[in-house]
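Peer 1: coords below, sequence missing:
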């Protein structure tokens, strides 16, 4: 918000302007600052109507045992899936990252679907042939003919139906 506007930094407790890096480095870690723009000026806390308090409580530093992040991104808008980046960090110190590029994922997906379609067609043909053979086998046993002699002649008939 203040990038294009001139401002200066003062100490909240007494309004001292922080002008040099040496003075800034000499201040305590828990020093509270105020940022004022050119037209503003510091006033003592007793003259201010409402005062904002900053909480200076420090949380104990936690170290994660393990952190895993997944980033999915595309190098090209026409990519089907894109790329996957997996990053694992152990105890906040050791990290491992792996980039998985899926440039030809669309082609692989088409090939998988082609094989699924082929296997479904094959399964359909097997089921149709089996049901045809069983139907003729049942018809032959109900007609009083011996099942063995009738079953041998049914196989070529079922194959003609499948074609």
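Peer 2: Structure received. Remember, predicted model here, so these are calculated numbers, not experimental data.

Peer 1: and the top helix by length along the chain, which residues are buried?
Peer 2: For the chain, the helix with the greatest residue count under DSSP state H is helix 105-142. Residues of helix 105-142 classed as buried by neighbour count (16 or more other CB atoms under 10 Å): 132-133, 136, 140. Bear in mind the C-beta positions are built from the backbone N, C-alpha and C, glycine included.

Peer 1: ok, stretch 11-18 next?
Peer 2: Of the residues in stretch 11-18, those buried (16+ other CB under 10 Å) are residue 11.

Peer 1: all strands for this protein, in order.
Peer 2: 7-11, 33-37, 66-73, 82-90, 94-102 (DSSP state E).

Peer 1: how about those, which one is nearest residue 111?
Peer 2: Proximity to residue 111 (CB to CB) singles out strand 94-102 among the strands of the chain, at 13.9 Å.

Peer 1: show me the shaky parts of the protein.
Peer 2: For the chain, the stretches flagged by pLDDT under 70 are 1-4, 45-63, 79-80, 103, 105, 144-163.

Peer 1: looking at the buried residues of helix 105-142, which is nearest residue 23?
Peer 2: Nearest member of those to residue 23, counting by CB to CB, is residue 132, at 96.2 Å.

Peer 1: how far away is that closest one from residue 126?
Peer 2: As for residue 132, its distance to residue 126 is 11 Å (criterion: CB to CB, to the nearest Å).

Peer 1: and what of residue 64?
Peer 2: 54 Å.

Peer 1: cool, and residue 112?
Peer 2: With the distance defined as CB to CB, residue 112 ends up 21 Å from residue 126.
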